[in-house]
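In: Show me the folded form of this:
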Amino acid sequence: MVIDSTVKKHRPYLAIFDLDDTLIAADSASLWTAFLVEQGIALPALQAEEEEMMLAYAKGDMDMHSYMRATLAPLIGKDRTAIEELVNEFIEQKIKPALYQDGLARIEWHKKRGDSVIIASATSEHLVKPIANMLGADDAIAIELETLNNIYTGNTKGVLSYQQGKVTRMKTWLASNDAQYKGCYGYSDSINDLPLLNAVDKPFAVNPDPTLAMHAQMKDWTIMEWRHDNNILR
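Out: Numbers count the residues shown, from 1 in each chain. The predicted model follows:
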């Protein structure tokens with residue numbers, strides 16, 4: 001069947017945003033671990049362990065399964081509803097002050113155009129989904145967590161949305177979505193998202209780490225420098 005070119009012309013774009021160090025001037029998972037320590041739910045040793053593992057993440061060689069096992073341990077046996085309430089407090093205290101104003105403006109730019117906005121993150125869904133909702137995104141892709149009778153088990157499920165896994169999860173999302181898109185924008189700061197940025201039509205390196213910056217320069221991608229304003233949404 002031949003598609004009317006005028007119909008295709010008026011299709012929206014899909015905008016995929018990484019979350020950590022892209023839309024916020026921090027890593028939400030690291031902030032959450034520190035928050036759990038502050039609340040007396042996790043031990044300070046976990047924060048030190050998490051910081052060590054994040055050094056591997058910055059190099060693009062983190063074992064995400066090991067990271068998730070360690071950082072989900074404080075949630076084992078916890079009720080999902082109780083954690084949701086704690087996450088709401090966390091977002092108010094830690095996430096909103098860390099938002100990039102330029103990131104919020106870019107989301108608004110896409111929404112005014114009629115584009116669909118997706119947050120795709122290698123952080124757990126219990127953090128990413130409420131943050132995405134707060135940002136006005138249409139949907140979110142994140143690492144899925146296993147629960148049993150509404151109680152967290154400490155296990156993940158499905159494909160982890162990390163590195164190539166993020167592309168796999170996006171393809172699954174697109175296959176289950178009835179919408180048709182004219183093209184796809186992608187925004188990230190991290191070399192871990194090189195597979196995603198290679199897969200989209202319009203890649204943007206936002207405050208890129210040195211390795212991603214090198215790739216962006218070699219491929220003539222747009223590099224965006226976003227500034228932090230800690231008064232956003234207060």
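
In: residues near E144, how many?
Out: By other CB atoms under 10 Å, the residues close to E144 number 17. All C-beta atoms are positioned from the backbone trio N, CA, C, and that covers glycine.

In: my guess is it is in a strand, correct?
Out: Yes. Counting by DSSP: H, G, I helix; E, B strand; the rest coil, E144 is part of a strand.

In: Tell me if I'm right that it and T123 touch.
Out: No. E144 lies out of contact with T123 (CB atoms under 8 Å); the separation is 11.5 Å.

In: Provide a list of residue ranges in this protein with pLDDT below threshold.
Out: Residues of the chain meeting the criterion pLDDT under 70: 1-9, 229-234.

In: What are the boundaries of the strands in it?
Out: Secondary structure of the chain (DSSP state E): strands at 14-17, 116-124, 139-148, 151-157, 184-188, 202-206, 222-224.

In: Please convert the ones you listed to JSON lines, extending it with distance to T172.
Out: Output for these, formatted as JSON lines (distance: least, CB to CB, whole Å):
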{"stretch": "strand 14-17", "distance to T172": "13"}
{"stretch": "strand 116-124", "distance to T172": "12"}
{"stretch": "strand 139-148", "distance to T172": "9"}
{"stretch": "strand 151-157", "distance to T172": "13"}
{"stretch": "strand 184-188", "distance to T172": "15"}
{"stretch": "strand 202-206", "distance to T172": "20"}
{"stretch": "strand 222-224", "distance to T172": "27"}
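
In: residues contacting W173?
Out: Applying CB atoms under 8 Å, 6 or more residues apart in numbering to W173 gives the contacts I118, D139, I141.

In: Just the buried ones from those?
Out: Buried members of the contacts of W173, counted by 16 or more other CB atoms under 10 Å: I118, I141.

In: Adding distance to L55, write the contacts of W173 out as TSV.
Out: Compiled in TSV, the contacts of W173 are given as follows (distance: CB to CB, whole Å):
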residue	distance to L55
I118	28
D139	31
I141	25
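
In: quick one: which of the contacts of W173 is nearest to L127?
Out: Each of these was checked against L127 using CB to CB; the closest is I141, at 12.8 Å.

In: wait, isn't the closest one in contact with V167?
Out: No. Using CB under 8 Å, I141 is not in contact with V167; the gap is 10.4 Å.

In: Right, I'll call it a day here.
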